[in-house]
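Visitor: everything below, folded, please.
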Amino acid sequence: MAVGLVIVSHSARLAEGVVELAGQMAQADVRLVAAGGTDDGGLGTSLTKVMNALVAADAADGVVVLVDLGSAGLIAEMALEQLPDWRRERVRIANAPLVEGAVVAAVQASVGGTLDEVVATAEEAATLDKLAGKK
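Guide: Predicted coordinates:
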């Protein structure tokens, strides 16, 4: 098993695209679940979608959640509070950039990284230099 990832975005298409990209980069089968948009298909976030995604992504090694904007983080925190204690202990919300964090987290999870290692890797993505050598 591996640590799973939940991608929470205000846009269903954005969340699905991040899942697609991160899934292509991972070397093994990592559960990547998109939780984007509202229940009626609009822009926004859905507590129900996030709750369902947390359960779907949990393969016993834990789940890392990545979010796009502040209110997505609030919804993720609300979902976390509603989980039973035994499941809540295996979920972490990473303070990481959505795309870069998801890609490196998926790779780390695919090589057997622990929950803490996957979170740390995702959060380190905030310091990645996208334009190496450019100042």
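Visitor: contact partners of the lowest-mean-pLDDT helix or strand in the chain?
Guide: Across the helices and strands of the chain, the lowest-confidence element by mean pLDDT, DSSP states H and E is helix 85-88, at a mean of 91. With contacts defined as CB atoms under 8 Å, 6 or more residues apart in numbering, helix 85-88 is touched by Leu54, Val55, Asp58, Leu80, Glu81. Quick note: C-beta positions are derived from backbone N, CA and C, even for glycine.
Visitor: now list the buried members of the residues you listed.
Guide: Leu54, Asp58, Leu80 (16 or more other CB atoms under 10 Å).
Visitor: so which of these comes closest to Ala106?
Guide: The closest of these to Ala106 turns out to be Asp58 (CB to CB; 15.5 Å).
Visitor: so how many other residues sit close to the residue lying closest to the closest one once chain neighbours are set aside?
Guide: Closest residue in space to Asp58, ignoring its immediate chain neighbours: Gly4 at 5.8 Å, by CB to CB, 6 or more residues apart in numbering. Gly4 has 28 neighbouring residues, counting by other CB atoms under 10 Å.
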